[in-house]
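Engineer: Sequence below, structure please.
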Amino acid sequence: MKTQIILLRGVTPAGKNKVPMGLLREALEAAGLKNVRTYIQSGNVLFREKKTDDWILGKTIAEKIAELFGFTVPVLVKELSELETVLAGNPFINERNSDIKSLHVTFLSRVPEPTFVEKLAVQAGNDEFIIAGNVIYLYCPDGYGRTKLTNTFFENKLKIVATTRNWKTIIELVNLARAM
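Structural biologist: Numbering: from 1, shown residues only. Here you go, the predicted structure:
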């Protein structure tokens with residue numbers, strides 16, 4: 001069994017795309033996932049599962065969400081080792097020692113096409129980003145709520161699914177996953 005993390009895109013604690021984490025946890029356990037835990041109300045789920053194809057698992061979970069809640073959301077499935085690599089590799093910490101309150105990570109459904117990355121130019125004020133494989137490290141000193149570097153921006157420019165988490169959430173997800 002391996003520890004995996006589900007990152008749901010576009011889930012909110014209230015309003016549109018509301019997914020009660022308790023209900024989601026119960027549904028995923030009923031579908032056969034083991035030791036299902038959620039972290040905050042924004043679509044972070046941890047669980048233990050035998051070796052399975054992440055794409056198939058993500059598709060199955062997306063279908064279960066659509067069945068239960070009546071809407072679809074993109075689902076990214078990550079292994080603990082992937083999040084540990086993200087945690088260890090943040091250039092804004094490793095090279096600059098930036099304040100973690102200004103740091104976020106955008107997870108991509110796959111490595112973006114080089115032609116799209118080459119065309120990615122944006123004037124984002126004080127905000128910066130660095131693409132590393134299938135993640136984008138973000139530095140948003142004025143806050144993520146004010147940045148142009150949103151999920152939608154990257155999805156439109158890179159033609160790919162994206163979901164973002166703040167640095168504190170990444171740290172907590174890794175700690176929770178290691179404790180499972």
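Engineer: Would you agree Lys78 falls within a helix?
Structural biologist: No - counting by DSSP: H, G, I helix; E, B strand; the rest coil, Lys78 falls outside a helix, being strand.
Engineer: where does this structure have low pLDDT?
Structural biologist: Regions of the chain meeting the criterion pLDDT under 70 cover residues 12-15, 51, 123.
Engineer: at 80 instead, please
Structural biologist: Along the chain, the model assigns pLDDT under 80 to residues 1, 11-19, 31, 42, 49-55, 94-98, 121-124.
Engineer: Would you map the helices across it?
Structural biologist: Counting by DSSP state H, the segments of the chain that form helices are 21-30, 54-69, 80-88, 91-94, 114-118, 151-158, 167-179.
Engineer: Compute the inter-axis angle for the longest one and helix 80-88.
Structural biologist: Going back to what we said before, that points to helix 54-69. Between the axes of helix 54-69 and helix 80-88, defined by axes from the mean of the first three to the mean of the last three C-alpha atoms, to 10 degrees, the angle is 100 degrees.
Engineer: can you check the first one too?
Structural biologist: Using the same axes, to 10 degrees, the inter-axis angle of helix 21-30 relative to helix 80-88 is 140 degrees.
Engineer: Buried residues in helix 21-30, which are they?
Structural biologist: Along helix 21-30, the positions that meet the burial threshold by neighbour count (16 or more other C-beta atoms under 10 Å) are 21, 24-25, 27-28. The way it works is simple: take the backbone N, C-alpha and C, and place the C-beta from them, glycine included.
Engineer: Repeat that for the fourth one.
Structural biologist: Taking 16+ other C-beta under 10 Å as the neighbour-count basis, helix 91-94 is seen to contain the buried residues 92-93.
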